[in-house]
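K.L.:
Model the following, please.
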Amino acid sequence: MPESKKARAVGFNHVALEVGDIEAALAFYARIIAFELRSKSDTAAFIDLGDQFIALQKGRTQPADEGRHFGLVVDDKEAVRKALTDAGVEPLPGPFLDFLDPWGNRIEIVGYANVQFTKAPNVLRGMGLAHLSKNETAIKELTDKGMAPN
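P.N.:
Numbers count the residues shown, from 1 in each chain. Below is the predicted model of the structure:
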């Protein structure tokens, strides 16, 4: 019997984080990163990332994440490092810029210039980030996959 065609994963639409309180979560993240709020209710909020978003959902009950995390791509990793310090948030030990939010969600901060992840030029333009570029290592990785930016 022939194998059926499988769907191919092409990216993420959003990441959902469980938090204890929506207003407190928005206040916490506003101290760390600049963002546009797509919408919110008493039980959820949506932080716009251009063509993607982060969903904050009220109701976290599990303990803090250890290895499980997601990488949040930012335009200025060092600005996040400073914002964490200013907010009294201690980065986790290790080679990356990881931290726990007040509800135990582990986030790794990744600089846009350093990763294969690429936003389409029209999305960057719409976000006011058309000036962003990749470093040589990221460009080589993208080139090797036939995905180098123009």
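K.L.:
which ones are touching the closest residue to Ala87 other than its chain neighbours?
P.N.:
The shortest distance from Ala87 to any non-neighbouring residue, by C-beta to C-beta, 6 or more residues apart in numbering, is to Arg31 (4.4 Å). Heads up, the C-betas are built off the backbone N, CA and C, glycines and all. Arg31 sits next to Ala83, Asp86, Ala87 when contact means C-beta atoms under 8 Å, 6 or more residues apart in numbering.
K.L.:
Likewise for Thr143?
P.N.:
By C-beta under 8 Å, 6+ apart, Thr143 has no neighbours at all.
K.L.:
Are we agreed that it is in a strand?
P.N.:
No: the assignment for Thr143, made by DSSP: H, G, I helix; E, B strand; the rest coil, is helix rather than a strand.
K.L.:
My understanding was that His14 contacts Leu56; is that so?
P.N.:
No: contact criterion C-beta atoms under 8 Å: His14 and Leu56 do not qualify, at 10.5 Å.
K.L.:
And those two? Which one has more around it.
P.N.:
Shown here are His14 and Leu56; by other C-beta atoms under 10 Å, Leu56 has more neighbours (28 against 13).
K.L.:
and the residue nearest to Ala87, how far is that from Thr137?
P.N.:
Arg31 is 31 Å from Thr137, where distance means C-beta to C-beta, to the nearest Å.
K.L.:
Ok, Ile109 next?
P.N.:
18 Å.
K.L.:
Neighbour count: the two, which is higher?
P.N.:
More neighbours surround Ile109 than the other of Ile109 and Thr137, with 23 against 12 (other C-beta under 10 Å).
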